[in-house]
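# after the sequence you'll find the predicted model.
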Amino acid sequence: MPVSQQPPETETKPVTDSVPKVAGDVAVGEDLDFQRRWWRFEKIVWTFFLLLIICDLIGLFGRGYLAKAQRTASDGTLRLTYERIERSSTPSIMTLHFGPSAIRDGQIKLFISESIVRRLGAQRISPQPAQSVVGNGGFTYTFPATTTPATVEISLEPSFPGREHFNMGVVGAAPIGGSVFVVP
């Protein structure tokens, strides 16, 4: 008699769940030490983002209260308002206000250092100077003026991040020095 091949007997076990249940729901354990560390991490991250937003609002990254600066020459010939914190490739305005003693023979002669034009990217000067002279580490501009208030605006657009120092002043008067920090 031929031996018939029978499939091997397989044991069938019911599938059981190894996760404990409480009242029919899965009981999930907790690791309170991990949870406390996670909460501490979240608090640090939220504090960091809050400080970042506050710094941005007050102008630490440009265009705010801390970014605005003002300098005045000791003899009162020139008052300068500008942004001490600027962003790279972003336009800004440097405004020069001249006092009555800055006007000599119906004109104002202004010296600005080379760093304003080259490193801070002076794009335009308004009003246009009647004369420009290059030399002595900067530029001397002559503007016609008969009365005060006389104002000149220099449009800046710095190209590279970093700290840039500058000097400017009415020729023959006390100069103003300052610096601009350019952020990326």
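Done, it's in.
# ranges for the strands of the protein?
Secondary structure of the chain (DSSP state E): strands located at 21-22, 25-26, 68-72, 78-83, 85-87, 92-98, 107-113, 122-126, 131-135, 138-144, 150-156, 162-170, 176-183.
# what about the protein, any weak spots by pLDDT?
The chain contains residues with pLDDT under 70 at 1-10, 15-22, 26-27, 29.
# now the residue nearest to the spatial centre of the chain: closest residue in space, sequence neighbours ignored.
With distances taken as Cα atoms, centre = their mean, the residue of the chain nearest its centroid is residue 61 (2.8 Å). Computed as Cβ to Cβ, 6 or more residues apart in numbering, the closest residue to residue 61 that is not its neighbour in sequence is residue 183, at 5.8 Å. All C-beta spots, glycine's among them, are computed from the backbone N, C-alpha and C.
# so that neighbour bridges to which residues?
Note on residue 183: beta-bridge partners by DSSP bridges are residue 87.
# how about it, what does it touch?
Residue 183 makes contacts with 61-62, 85-88, 161, as judged by Cβ atoms under 8 Å, 6 or more residues apart in numbering.
# same question, residue 161
88, 182-184.
# Throw the strands of the chain into CSV and include distance to residue 35, thanks.
As requested, these are exported to CSV (distance: least, Cβ to Cβ, whole Å):
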stretch, distance to residue 35
strand 21-22, 19
strand 25-26, 18
strand 68-72, 45
strand 78-83, 46
strand 85-87, 41
strand 92-98, 48
strand 107-113, 58
strand 122-126, 56
strand 131-135, 68
strand 138-144, 62
strand 150-156, 51
strand 162-170, 45
strand 176-183, 38
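# the longest helix seen in the chain packs against which elements?
Of all segments of type helix in the chain, defined using DSSP state H, the longest is helix 32-58. On a contact count with 3 or more Cβ pairs under 8 Å, 6 or more residues apart in numbering; DSSP states H and E, helix 32-58 meets no helix or strand.
# among the contacts of residue 161, which two are most distant?
182 and 184 (8.1 Å; Cβ to Cβ).
# domains of the chain?
The chain resolves into domains spanning 26-58, 68-183 when parsed by automatic domain parsing.
# of all the ones you listed, which one is nearest residue 11?
domain 26-58 (27.6 Å).
# chain center to stretch 82-102: distance?
16 Å (Cα atoms, centre = their mean, to the nearest Å).
# likewise stretch 88-108?
With Cα atoms, centre = their mean, you get 25 Å for stretch 88-108.
# closest one to residue 47 among the strands of the chain?
strand 176-183 (22.0 Å).
# and the angle from the closest one to strand 68-72?
Counting by axes from the mean of the first three to the mean of the last three Cα atoms, to 10 degrees, strand 176-183 lies at 170 degrees to strand 68-72.
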